[in-house]
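Asker: Let me see the structure of the following:
(one chain, ligands or ions: 1)
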Amino acid sequence: MSLDAYKTLEDKKNNKITKAIDCTAKDVNHVFYCLNPKCNAHLTLCSINSNKTISYFANKDKTHPHIPNCEYANSHNAYLNKFDHTSFEPNSFLKAIIASMTTNNRHTNPKSKNQHNNLKTSPVTISTVRQLYNICLSNPLNSKIGSTEIKYLLCNEATNFLYKSFISGTKLLIGKYNGTNNDTIFIKYPSSWGELDNKFLVCLHIENKQLLKNIKNLIKDYKNNILIFADFHTSSNNGVNYKIVHASISNIKQIIPLK
Ligand SMILES: [Zn+2]
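Answerer: Next comes the predicted model:
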């Protein structure tokens, strides 16, 4: 399920997104389309006019399901109002994730205990890469985490249209494993690597041999999507029909194989 969808196939072609909260009761029987450009799922507007939950789009038409591994197929249920994200800043968060390597065992979110005791009533801070990713998928692409719009934090199939010539800065990138050479692991973005996409070959430079070994164990021959959280820079040298992007990896927590 998601909070955004396309209202028509024409809108899908033009990346004209419709928000569930902007829909009305007359849209209930309308067929909407999945945000993933590669997915042909038909979506239905749900919970319109509900006092209990906000409106969202879900796949009810089993003849037009999400494609396998579609990121928008599952409910991640990580709405922004559950989190205290006012001071969230991507670079500081990346630094904290990298620094958590040396404090691996004692690194726990100090608020997680409170969260338990208080029955999740008080907002929690964002503490893991997966949590950040779930927030990105559960909220409209133009909503903000701290002062950063989700669409500028997320390089997936749905936001690929934004990345026509380069990828720059701290982002969550979803791609597929494409081999290893010495200390470099290659990732293709977007996952589909289709003819019409803005294609990038991402070179992940791994900080040391032990980390390289651990990451290889984690993702070597992995066929599903892989989530990478890093600071990306686009190279001035490019491939024939794709661009080359570099990022350094210093902590295994920057890399998550997705189901
Ligand atoms: Zn889908």
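
Asker: Residues of the stretch 51-200 of the chain that sit close to the ion?
Answerer: Taking C-beta under 5 Å from the ion as the measure of proximity, the stretch 51-200 of the chain contacts the ion at 66, 70, 72. Quick note: C-beta positions are derived from backbone N, CA and C, even for glycine.

Asker: Dump these into a markdown table; add pLDDT and neighbour count as well.
Answerer: As requested, these are exported to a markdown table (pLDDT from 0 to 100; neighbours: other C-beta atoms under 10 Å):
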| residue | pLDDT | neighbour count |
| --- | --- | --- |
| His66 | 95 | 18 |
| Cys70 | 90 | 19 |
| Tyr72 | 91 | 24 |
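
Asker: Secondary structure added to those, as JSON lines?
Answerer: JSON lines is the format used below for these (DSSP: H, G, I helix; E, B strand; the rest coil):
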{"residue": "His66", "secondary structure": "coil"}
{"residue": "Cys70", "secondary structure": "coil"}
{"residue": "Tyr72", "secondary structure": "coil"}
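
Asker: what helices or strands is the longest strand along the chain leaning on?
Answerer: In the chain, assigned by DSSP state E, the strand with the most residues is strand 169-181. In terms of contacts (3 or more C-beta pairs under 8 Å, 6 or more residues apart in numbering; DSSP states H and E), strand 169-181 is packed against helix 90-99, helix 129-138, strand 154-155, strand 184-189, strand 200-206, strand 226-234.

Asker: which residues of the stretch 151-259 of the chain score low on pLDDT?
Answerer: Applying pLDDT under 70 to the stretch 151-259 of the chain flags the ranges 195-196.

Asker: gap between the longest strand of the chain and the chain center?
Answerer: 12 Å (C-alpha atoms, centre = their mean, to the nearest Å).

Asker: now that strand against helix 90-99, angle please.
Answerer: Inter-element angle recorded for strand 169-181 and helix 90-99: 40 degrees (by axes from the mean of the first three to the mean of the last three C-alpha atoms, to 10 degrees).

Asker: how about the strands in the protein?
Answerer: According to DSSP E, the strands that the chain contains are 4-6, 17-19, 32-33, 42-46, 56-58, 144-145, 148-149, 154-155, 169-181, 184-189, 200-206, 226-234, 243-249, 255-257.

Asker: Adding distance to Tyr163 and mean neighbour count, write those out as JSON lines.
Answerer: Converted to JSON lines, those look like this (distance: least, C-beta to C-beta, whole Å; neighbours: other C-beta atoms under 10 Å):
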{"stretch": "strand 4-6", "distance to Tyr163": "18", "mean neighbour count": "24"}
{"stretch": "strand 17-19", "distance to Tyr163": "16", "mean neighbour count": "18"}
{"stretch": "strand 32-33", "distance to Tyr163": "21", "mean neighbour count": "23"}
{"stretch": "strand 42-46", "distance to Tyr163": "24", "mean neighbour count": "20"}
{"stretch": "strand 56-58", "distance to Tyr163": "24", "mean neighbour count": "22"}
{"stretch": "strand 144-145", "distance to Tyr163": "19", "mean neighbour count": "20"}
{"stretch": "strand 148-149", "distance to Tyr163": "14", "mean neighbour count": "15"}
{"stretch": "strand 154-155", "distance to Tyr163": "6", "mean neighbour count": "24"}
{"stretch": "strand 169-181", "distance to Tyr163": "9", "mean neighbour count": "18"}
{"stretch": "strand 184-189", "distance to Tyr163": "8", "mean neighbour count": "21"}
{"stretch": "strand 200-206", "distance to Tyr163": "7", "mean neighbour count": "22"}
{"stretch": "strand 226-234", "distance to Tyr163": "9", "mean neighbour count": "21"}
{"stretch": "strand 243-249", "distance to Tyr163": "9", "mean neighbour count": "19"}
{"stretch": "strand 255-257", "distance to Tyr163": "20", "mean neighbour count": "18"}
